[in-house]
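# structure for this input, please:
(one chain, ligands or ions: 1)
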Amino acid sequence: MYKIAVIEKIHEDGLKIFSQNPNYEYELIEDTSKENLIKELPKFDGCTLRVSELNSEVLSHCKKLKVISRHGVGYDNVDLDYIKKNKISLLITATANAVSVAEHVFYMMLYISKGFNKFDSEVRLGNFKKNSQKIKTFELNNKEILIAGFGRIGRALSKRCSSFQMKMNIYDPYVDEKTINNCGGRKVSDFNLALKTADYVSIHMPLTDKTNNIINYDNLKKMKKNSIIINTSRGSIINELDLDKALNENLIFGAGLDVFEKEPVDNNNPLLKNEKVFLSPHSATFTEECKSKMSIETTKNIIDFFEKKIDKSMIVKL
Ligand SMILES: NC(=O)c1ccc[n+]([C@@H]2O[C@H](COP(=O)([O-])OP(=O)(O)OC[C@H]3O[C@@H](n4cnc5c(N)ncnc54)[C@H](O)[C@@H]3O)[C@@H](O)[C@H]2O)c1
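Below is the predicted model:
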């Protein structure tokens, strides 16, 4: 019998898989404080993980732990050096969330391009005609989008952009030109140059030393005045203070953010008061379909791991 810690609740559909399998017993851990994780985790063979931090201090108490199954695809909350040294495997839900995130990007692009909720409030205020002509809106048709990072989500987004007849520039040094061309995109190798001509920018690369603050005041000020940036990847890829400044100085038109340098966002983050930015609380995967798929994949991955039939695409290469 394998004992599995479910760190933070996940959708019932995945938990049912554990309940129906006599070889697995799970326990839900809702208090994710470091002290509680250190106290509770040592008895488990595997765990599922949402956003809580598993640092080396916590992990050093988990002598039985063989596998961490992330409910998602990012893993910046896990100490990779520690798990590599201690032969703990890390799994991700590689097929579950790309569609929901790509749809979220599209929702943000359309919402900002079509006038936020401004038209709606004008109608409700009785200003059916008065201010409506002053609200600036855009078509997506024929516009240039820079997709930065062309993995699962970037590719799912490209399909949606194609159907809106957008021109796609793709920045991903690790994906070859043929793959990009086959998806209808054009490979670009100079990120800053591609930013200058983009009408839309959508961020889908991971947060690394190379991508940290890759969008900052220096390149924001060279962008088109009507450009729109969407970030559903990781907050620190964009320098938030620089973004706020660029929006206030009308250097770009708008931004949509699902992710932040610090989550939950601090009350004094200036972007909370900036009307040119559209915000969501790291919720791109919160559709009913995605929650169910992610939970099923998270638990199935643990079982497949212990039964030695785990799909390679679910394993993070350390
Ligand atoms: N908002 C959310 O709820 C949410 C949900 C899922 C994923 N994410 C985040 O979205 C990001 C992308 O997820 P994915 O599933 O598409 O990942 P992925 O691993 O499939 O794709 C990432 C791509 O980025 C490329 N890349 C790596 N370094 C790069 C660099 N320096 N410059 C340009 N490209 C680079 C890789 O070659 C890869 O093709 C991840 O950071 C993930 O954490 C957020």
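# which element is the residue in the stretch 1-150 of the chain that the ligand sits nearest to on?
Residue of the stretch 1-150 of the chain nearest the ligand, by C-beta to the nearest ligand atom: G74 (2.6 Å). Quick note: C-beta positions are derived from backbone N, CA and C, even for glycine. Applying DSSP states H and E as the criterion places G74 outside every helix and strand.
# next, the contact list for it, please.
Contacts for G74 were tallied using C-beta atoms under 8 Å, 6 or more residues apart in numbering; they are P206, L207, R234.
# out of these, which are close to the ligand?
Near the ligand, taking C-beta under 6 Å from any ligand atom as the test, the members of these found are P206, R234.
# of the contacts of G74 - the most surrounded one?
Each of the contacts of G74 was scored by neighbour count (other C-beta atoms under 10 Å); the top score is that of R234, with 21 neighbours.
# now that one: how far from G72?
In this structure, R234 lies at 12 Å from G72, with C-beta to C-beta, to the nearest Å as the measure.
# residues of the stretch 101-250 of the chain that sit close to the ligand?
Of all the residues in the stretch 101-250 of the chain, those in contact range of the ligand (C-beta under 6 Å from any ligand atom) are 101, 148-154, 171-175, 204-206, 208, 210-211, 232-234.
# can you rerun that using 8 Å?
Among all residues of the stretch 101-250 of the chain, those adjacent to the ligand (criterion: C-beta under 8 Å from any ligand atom) are 101, 104, 148-156, 171-175, 191, 203-208, 210-211, 214, 232-234.
# just the buried members of those residues?
With neighbours counted using 16 or more other C-beta atoms under 10 Å, those contain these buried positions: 101, 104, 148-156, 171-172, 175, 191, 203-205, 207, 211, 214, 232-234.
# touching, S236 and N213? I think so.
Yes: using C-beta atoms under 8 Å as the test, S236 is close enough to N213 to be in contact (6.5 Å).
# the more surrounded of these two?
Counting neighbours by other C-beta under 10 Å for S236 and for N213 shows that S236 has the greater number, 18 against 14.
# just how off-centre is the longest helix seen in the chain within its chain?
The helix spanning the most residues in the chain, taking DSSP state H as the definition, is helix 288-306. The gap between the average C-alpha position of helix 288-306 and the chain average comes to 18 Å, counting by C-alpha atoms, centre = their mean, to the nearest Å.
# all numbers from here: first residue = 23
Taking 23 as the first residue, the last one we looked at is helix 310-328.
# what's that helix packed up against?
The helices and strands touching helix 310-328, judged by 3 or more C-beta pairs under 8 Å, 6 or more residues apart in numbering; DSSP states H and E, are strand 24-29, helix 34-41, strand 68-71, strand 89-92, strand 111-113, helix 120-135.
# hmm, 10 Å instead?
Taking 3 or more C-beta pairs under 10 Å, 6 or more residues apart in numbering; DSSP states H and E as contact, the helices and strands that helix 310-328 lies on are strand 24-29, helix 34-41, strand 46-51, strand 68-71, strand 89-92, strand 111-113, helix 120-135.
# which strands and helices sit next to the shortest one?
Applying 3+ C-beta pairs under 10 Å, 6+ apart, we find strand 111-113 packed against strand 68-71, strand 89-92, helix 102-107, helix 310-328.
# among the ones you listed, which is nearest G206?
helix 310-328 (24.6 Å; C-beta to C-beta).
# next, the angle strand 46-51 makes with that closest one.
130 degrees (axes from the mean of the first three to the mean of the last three C-alpha atoms, to 10 degrees).
# show the average pLDDT along helix 310-328.
When pLDDT is averaged over helix 310-328, the result is 98.
# identify the contacts common to S258 and N235.
Taking C-beta atoms under 10 Å, 6 or more residues apart in numbering as the criterion, S258 and N235 both touch L229, E283.
# find residues that contact each of R256 and G94.
Overlap between the contact sets of R256 and G94, as judged by C-beta under 10 Å, 6+ apart, is given by H304.
# mind listing what the residue of the chain found nearest the ligand touches?
Shortest the chain-to-the ligand distance, computed as C-beta to the nearest ligand atom: residue-wise this is G173, at 1.8 Å. When the contact criterion is C-beta under 10 Å, 6+ apart, the partners of G173 are V95, A116, A120, D194, Y196, V197, H226, M227, P228.
# my read: the last one touches G171, true?
Right, the one you point to is P228. Yes: at 7.3 Å, P228 and G171 qualify as touching, with contact defined as C-beta atoms under 10 Å.
# so what sits against both of these two?
Common neighbours of P228 and G171 are listed as S255, I259 (criterion: C-beta under 10 Å, 6+ apart).
# what about the helices in the stretch 123-272 of the chain?
Using DSSP state H, counting those that start in this stretch, the helices of the stretch 123-272 of the chain run over 140-146, 174-185, 199-204, 213-219, 239-242, 262-270.
# out of those, flag the one nearest S41.
helix 174-185 (29.3 Å).
# between that closest one and helix 120-135, how big is the angle?
Here helix 174-185 runs at 50 degrees with respect to helix 120-135, directions being taken by the same axes, to 10 degrees.
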